[in-house]
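Undergrad: My questions concern the predicted model and sequence given below.
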Amino acid sequence: MSELERLRHSCAHVMATAILRLWPDAQFAYGPPVENGFYYDLECSHRITPEDFPKIEEEMRKEIRANHPFERIEVTREQALRDAQSGRLGALSERPGQPSKFKLDLLGQIPEGEPITYYRNGDFVDLCAGPHVLRTGNIGAFKLTSVAAAYYKGDEKGPQLQRIYGTAFKTKQELDAYFAMLEEAKQRDHRKLGAELGLYVMDPEYVGSGLPLWLPAGAVLCEELEKLAKETEFQAGYLRVKTPHLAREKMYRTSGHLPYYAESMFPPMELREDRPAAAGAPGAAAEADRYYLKAMNCPHHHRIFAAQPRSYRDLPLRLAEYGTCYRYEQSGELFGLMRVRSLNMNDAHIYCTEEQFAEEFNAVNQMYLKYFKIFGIERYVMRFSTHAPEGLGQKYVNEPELWKKTEDMVRRVLQDSGINYVEVPNEAAFYGPKIDVQVWSVIGREFTLATNQVDFAVPARFGLVYRDRDNTEKTPLCIHRAPLGTHERFIGFLIEHYAGNFPLWLAPEQVRVLTLGDDEPLVHYARQLVAELRAHFVRATGDFSANKLNGKIQDAERAKVHTMFVLGPRDLAAGQVSVRVHGRGHLGARPKAEAIADLLAAIRERRP
Ligand SMILES: [Zn+2]
Ligand SMILES: [Zn+2]
């Protein structure tokens with residue numbers, strides 16, 4: 001448990017203390033720390049609502065001011081059973097006739113021989129393994145946040161409990177910053193801005209849930225990201241391929257997606273096709289054939305590797321595709337662009353020899369860093385998940401040597417390149433170590449962007465081989481990588497990150513030319529300017545109406561147009577434009593050619 005988790009879990013005990021002061025019949029079940037806070041599940045004759053929070057918080061403050069120590073008490077199982085029977089656990093005192101029923105159940109789950117411990121603060125005694133902060137006064141700042149219904153142990157047949165959520169921080173400043181961040185995140189919510197800026201829509205009735213339709217402005221974002229990826233990958237020696245959106249059942253049996261991943265795939269389509277009769281055989285009967293929408297691009301890429309004889313001279317072979325995948329997420333788990341059923345993935349598979357691995361893997365990491373710089377992502381971490389030897393043969397492919405060798409290589413590359421990473425044992429994928437990339441948006445919210453995997457099992461399952469220098473056949477290693485993740489998730493992230501104020505190169509509408517009035521010579525000048533910009537592939541539009549200039553500027557600001565070229569009679573006479581940038585205001589007048597040249601350079605360099 002981290003320091004902050006310890007603080008938050010201790011705060012859950014304080015909350016329980018307070019609730020018992022107000023409603024002494026409360027029965028407590030589980031109270032763990034969770035991401036961003038804590039909760040405690042309880043059963044109580046009073047239905048707690050957010051209106052009760054100030055009252056509970058007031059009692060909590062009293063307990064914190066009392067600065068009781070969190071005292072650890074080790075007891076025998078007999079003692080614990082007696083205390084649970086008398087209602088003393090998760091309570092301020094004994095409660096005759098009201099045994100601590102959930103604690104009694106939890107006690108039964110503690111294996112024989114394991115120590116049984118209580119934690120006590122003031123009158124409150126709870127069955128708990130800890131750890132806790134030293135005293136209630138160590139809880140710096142807290143707030144109760146919400147209440148929800150929850151089943152005991154998540155079992156729908158079990159008793160229904162009330163789950164009270166809260167959060168706690170070491171200081172008031174940190175708590176305030178957290179809630180300010182949440183408020184800001186609400187303003188930047190990708191679903192809200194996605195609708196306001198016309199980026200995408202969902203059409204569950206006709207298209208289906210979790211299948212976003214990209215509107216023209218959103219399609220611009222997709223295409224700019226693809227352009228970035230294609231240029232970057234071209235320079236890094238990748239080759240582009242294109243593959244269909246579905247494949248036969250055999251493909252996914254071979255890859256192992258079936259049966260293990262079947263729940264995440266759309267159900268199969270059955271096709272009946274007449275097969276040509278083999279020579280001499282009776283006419284083939286129509287036979288059912290199953291096709292699946294692809295949930296990953298790897299198998300198709302593996303078949304491209306297998307399509308031609310490969311030699312060591314062909315390696316490393318880097319096959320790239322913005323591939324569309326389909327995953328059957330449960331409808332309850334769909335969430336805006338963050339959890340969808342169709343995804344456009346910045347995918348590539350690098351087939352290489354063991355000797356080439358470190359260099360290839362390092363190049364992938366460098367590509368991430370390059371992207372982070374372009375998008376102004378300052379905080380990130382790479383979570384490097386490794387295997388555990390005891391899981392070999394079950395949770396992990398049984399290749400102890402290869403595991404050790406690849407993990408050592410990955411670790412060395414991460415260390416040598418000074419990349420910010422943490423190592424997480426026993427969380428690797430079945431067929432090799434993986435790296436999850438987490439990034440934080442400018443307002444400090446965390447997103448899991450993408451996963452890189454090293455794969456030393458699947459190429460063998462597909463029988464992929466190359467002919468080595470010594471003329472023997474060998475199986476290549478495969479690196480799966482997707483630095484820009486999927487369009488859906490990455491654009492969802494970017495919308496929040498930029499609050500919809502995209503940098504010039506990415507902005508759906510890069511320039512709007514505005515006229516002061518609608519006099520013909522001025523409008524003519526403006527039209528020519530728009531045409532000139534568009535000839536340079538700048539996404540430029542014009543607003544030449546007779547409306548007031550201020551109103552036109554406001555419209556453009558509201559639409560988050562990046563740059564405005566404002567034209568008045570003086571600009572026409574001098575062959576200049578007045579430049580205004582969204583969020584930065586007027587930047588002054590400049591000769592037309594100079595303003596255009598500057599604009600093009602900013603786009604070309606993808607300036608932030
Ligand atoms: Zn505890
Ligand atoms: Zn893959």
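TA: Thanks, I have the structure now. Numbers count the residues shown, from 1 in each chain. Ligands and ions are numbered 1, 2, ... in the order given.
Undergrad: which residues touch the closest residue to Met409 other than its chain neighbours?
TA: Residue nearest to Met409 in three dimensions, not counting chain neighbours: Ala358, with 5.1 Å by CB to CB, 6 or more residues apart in numbering. For every residue, glycine as well, the C-beta is placed using N, CA and C. By CB atoms under 8 Å, 6 or more residues apart in numbering, the contact set of Ala358 is 409, 412-413.
Undergrad: Just say helix, strand or coil for Ala358.
TA: Here Ala358 takes the helix state, with states given by DSSP: H, G, I helix; E, B strand; the rest coil.
Undergrad: Equivalent analysis for Met345, please.
TA: strand.
Undergrad: so Thr324 bridges to which residues?
TA: Note on Thr324: beta-bridge partners by DSSP bridges are Asn344.
Undergrad: hang on, it packs against Arg341?
TA: No. In this structure Thr324 lies outside contact range of Arg341 using CB atoms under 8 Å: 11.0 Å.
Undergrad: Where neighbours are concerned, which of the contacts of Ala358 has the most?
TA: Within the contacts of Ala358, Val413 tops the neighbour count with 20 neighbours, counted by other CB atoms under 10 Å.
Undergrad: tell me which element that residue is part of?
TA: Under the criterion DSSP states H and E, the helix or strand holding Val413 is helix 400-416.
Undergrad: before we move on, what about Tyr292?
TA: Per DSSP H and E: strand 287-293 holds Tyr292.
Undergrad: Give the buried residues for that strand.
TA: The neighbour-count check on strand 287-293 (16 or more other CB atoms under 10 Å) flags 291-293 as buried.
Undergrad: Can you tell me the SS state at Asn453?
TA: Asn isn't right for residue 453; it's Gln. Classification of Gln453 by three-state DSSP places it in strand.
Undergrad: Quick one: neighbours of the residue of the stretch 1-150 of the chain found nearest ligand 2, just the number.
TA: Among all residues of the stretch 1-150 of the chain, Glu35 sits closest to ligand 2, at 27.5 Å; criterion: CB to the ion. Glu35 sits with 7 neighbouring residues when counted by other CB under 10 Å.
Undergrad: With distance to Arg88 as extra columns, can I get the buried residues of strand 287-293 in TSV?
TA: Shown next, in TSV, are these (distance: CB to CB, whole Å):
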residue	distance to Arg88
Tyr291	62
Tyr292	57
Leu293	57
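Undergrad: and those residues near ligand 1, which?
TA: Applying CB under 5 Å from the ion, the subset of the buried residues of strand 287-293 adjacent to ligand 1 is empty.
Undergrad: With respect to Glu63, which of those is nearest?
TA: For these, the residue nearest Glu63 by CB to CB is Leu293; the value is 55.0 Å.
Undergrad: ok, that closest one to ligand 1 distance?
TA: Using CB to the ion, to the nearest Å, we find Leu293 at a distance of 46 Å from ligand 1.
Undergrad: How about that residue: what's its closest non-neighbour residue?
TA: Tyr326 (4.0 Å).
Undergrad: Count residues in the vicinity of that neighbour, would you?
TA: Neighbours of Tyr326 (other CB under 10 Å): 21.
Undergrad: before we move on, back to that, can you tell me what sits against the strand holding Tyr292?
TA: Contacts of strand 287-293 (CB under 8 Å, 6+ apart): 245-249, 251-252, 258, 265-266, 268-273, 275, 325-326.
Undergrad: Just the pLDDT at whichever residue of the chain sits closest to ligand 1, thanks.
TA: Across the chain, no residue is closer to ligand 1 than Cys128, which sits at 3.2 Å (CB to the ion). pLDDT for Cys128: 94.
Undergrad: Confirm that Gly588 sits in a strand.
TA: Yes. Residue state for Gly588 (three-state DSSP) corresponds to a strand.
Undergrad: Okay, now the unreliable bits of the stretch 51-200 of the chain?
TA: Judged against pLDDT under 70, the stretch 51-200 of the chain has no low-scoring part.
Undergrad: what's the answer for the stretch 251-400 of the chain, then?
TA: Short version for the stretch 251-400 of the chain, where the test is pLDDT under 70: 274-287.
Undergrad: Show me what from it comes close to ligand 2.
TA: Near ligand 2, when you scan the stretch 251-400 of the chain using CB under 5 Å from the ion, you find Cys298.
Undergrad: try 8 Å this time
TA: 296-298, 301, 347, 349 (CB under 8 Å from the ion).
Undergrad: right, and out of those, which lies closest to Arg584?
TA: Out of these, the member with the shortest distance to Arg584 (by CB to CB) is Asp347, at 36.8 Å.
Undergrad: All set, thanks.
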